[in-house]
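A.B. asks: Give me coordinates for this.
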Amino acid sequence: MWATLGDIGTWQAGGTPSRSNKTYYGGSIPWLKTGDLNDGLITDIPESITEEAVANSSAKINPVGSVLIAMYGATIGKLGILTFPATTNQACCACIEYYAVIQSYLFYFLLSQRTTFISKGGGGAQPNISKEIIVNTTIPLPPLAEQQRIVTEIQRCFALINQIEQRKVDLQTTIKQLKNRTLDLAIHGKLVRHSDFGVQVCHEWRGQGFYFLLA
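C.D. replies: Residues are numbered from 1 along each chain as shown. As a prediction, this is how the structure comes out:
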C-alpha cells in the first residue's frame, strides 16, 4: 500500500518572529533553526522565544515526538525528533501527528529520501523545497507490525555500521601514533639494528612482530 506523507500525518511549517522586537526573544519557548537539526533526537536548542512572539508570528509550538525536516539551503532534508515541545523557523517543517505510521518508520523513510528532496530543491543560490513537495511525496505503508520489523532491522544494521566506523577511527589513530613513534625513534637513533639479511628491526616493537624491509 502507498500513501502520501500528507495522508499519514499533519504537517506544519514554522516562522521567525520579528528580530527588531527584542521582547520576542529570550523567553521560555525553544525556537529551533535548521542548523540545530542533527538527524537524531533533539535534546538542546540554544535559542528561545516568548509567548508574545508565538502569538504575533507564524511560529507554532510542536509537541514532543514531532519529526522535523529542513526545507531550505544546504540543510535540505536534515532531520530531527523533538524530545520536548518547541517552535521552529520557517525553514523547517514538522509532522506533529501520525496516522497508520510509526514515528521511527517515518523518520527513516525521510532519511532515505534526502537525495530526492535535494534534487527537488533546484539549483538556485538558495535552493529550497516546500511543504507541498513534502506532503505530496509518496511513502510505502506496510502494516504497523511490518514497519516495526523494518525499523528494528535498520537500527541493527546501523549499530553494526557504527561499530565498523569506530574501529576505523581507532585504527587510523593507531596508525598515526605508530608513524609518529617511528619518527621519534629514528631521530633518537633507536629505530633499527642491522643484520646480515638486510632486515631492520625496531627494538621497541620486535616483540610485537613489526619488521621493516630495506629496499
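A.B. asks: Any stretches of the protein with poor pLDDT?
C.D. replies: Scanning the chain for pLDDT under 70 picks out the ranges 123-124, 192-215.
A.B. asks: chain center to the lengthiest helix in it, what's the gap?
C.D. replies: Identified as the longest helix of the chain according to DSSP state H is helix 144-187. Between the centre of helix 144-187 and the centre of its chain there are 17 Å (C-alpha atoms, centre = their mean, to the nearest Å).
A.B. asks: again with stretch 33-42
C.D. replies: With C-alpha atoms, centre = their mean, you get 7 Å for stretch 33-42.
A.B. asks: Also stretch 111-124?
C.D. replies: 16 Å.
A.B. asks: Show me which residues of it are buried.
C.D. replies: Gln113, Arg114, Phe117, Lys120, Gly121 (16 or more other C-beta atoms under 10 Å). In short, each C-beta sits where N, CA and C put it, glycine included.
A.B. asks: Can you list the neighbours in contact with that stretch?
C.D. replies: For stretch 111-124, contacts defined as C-beta atoms under 8 Å, 6 or more residues apart in numbering pick out Asp39, Ile69, Ile76, Gly77, Lys78, Leu79, Pro127, Asn128, Ile129, Ile133, Ile134, Thr137.
A.B. asks: List only those of the residues you listed flagged as buried.
C.D. replies: Buried, going by 16+ other C-beta under 10 Å: Ile69, Ile76, Gly77, Lys78, Leu79, Pro127, Asn128, Ile129, Ile133, Ile134, Thr137, out of these.
A.B. asks: any idea what sits nearest the last one, other than its immediate chain neighbours?
C.D. replies: Once its chain neighbours are removed from consideration, Thr137 has its nearest residue in Leu5; the separation is 5.0 Å (C-beta to C-beta, 6 or more residues apart in numbering).
A.B. asks: for the longest helix of the chain, packing partners?
C.D. replies: helix 103-112 (3 or more C-beta pairs under 8 Å, 6 or more residues apart in numbering; DSSP states H and E).
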